[in-house]
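Asker: coords please:
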Amino acid sequence: MKEKEKEKEVEKDDVSTTASNENIENKEEKATIQENENIDKKEEKSSIFGKKGSKETKLKEKIEKLEEEKAELNDRYLRLFSEFDNFKKRTSREKLELLATASETVISYILPVVDDFERAFAAHEKTENSSEIENMIEGFEIIYRKLLQVLKQFHVEEIPAKGELFNTDLHEAISHFAVEKEEDKGKIVDVITKGYKIKDKVIRFSKVIVGN
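Answerer: Okay, here's the model as predicted:
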């Protein structure tokens, strides 16, 4: 009986040991599974965050690229606007200069005609008057006044000369003449050819005789 009881106790111990071992194995297996699950979750989270970070990086790079392109386009626009503005100003200035040059050219041909009229009037004053010549002179005077009016419309002005101080910016000295009065020295005593200017620009210098 005792031997049987001992055998039963041994069997019982074996069963208990086996159960205990199985329990330990089950716990270890569960722990391993849990650990694997935790690792999988971590990897999944890491993958999700990695993908999210990658998207954010790409988006940031795209935004930076667009900002660079915007800055470049803005710079090009400003340069083109500046160039176009300069072109308009230059074109406008060249147009005005062309008109002024054309006016000067035309007027430079008209001025000798004015000179001829004035010489004719001066010569007439020295001749005997007659009705026929007088009528002709009156006709010339009408033409002369109209011509002066045309010059005035183009802002042509006669340069003051006789009695004025000689000015190299306005006058051209043809000769010098000895004067008695000290106050007349350096002044213009006679005008050979009248000078003219358009506004402030001289188109023909006055040819004068200067006292010294």
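Asker: for residue 189, phi and psi?
Answerer: Phi and psi for residue 189, reported as degrees, to the nearest 10, are phi -100, psi -20.
Asker: I'd like to check which residues are in contact with the nearest residue to it once chain neighbours are set aside.
Answerer: In this structure, residue 189 finds its nearest non-sequential neighbour in residue 211, 4.6 Å apart by CB to CB, 6 or more residues apart in numbering. Glycine gets a C-beta too; all of them are placed from N, C-alpha and C. Shown in contact with residue 211 (CB atoms under 8 Å, 6 or more residues apart in numbering): 176, 177, 178, 179, 184, 185, 186, 187, 188, 189.
Asker: my guess is the last one contacts residue 212, does it?
Answerer: In this case it means residue 189. No. With contact defined as CB atoms under 8 Å, residue 189 does not count as touching residue 212 (9.5 Å).
Asker: Out of the contacts of residue 211, which two are the most distant from each other?
Answerer: 178 and 188 (14.3 Å; CB to CB).
Asker: quick one, which of the two is more surrounded?
Answerer: Per other CB atoms under 10 Å, whichever of residue 178 and residue 188 has more neighbours is residue 188, with 23 against 9.
Asker: hang on, the earlier thing: next one, pLDDT for the residue nearest to residue 189 please.
Answerer: At residue 211, the model reports a pLDDT of 93.
Asker: Show me what it is bridged to.
Answerer: Counting by DSSP bridges, residue 211 is bridged to residue 177.
Asker: how close does it get to residue 136?
Answerer: Computed as CB to CB, to the nearest Å, the residue 211 to residue 136 distance reads 37 Å.
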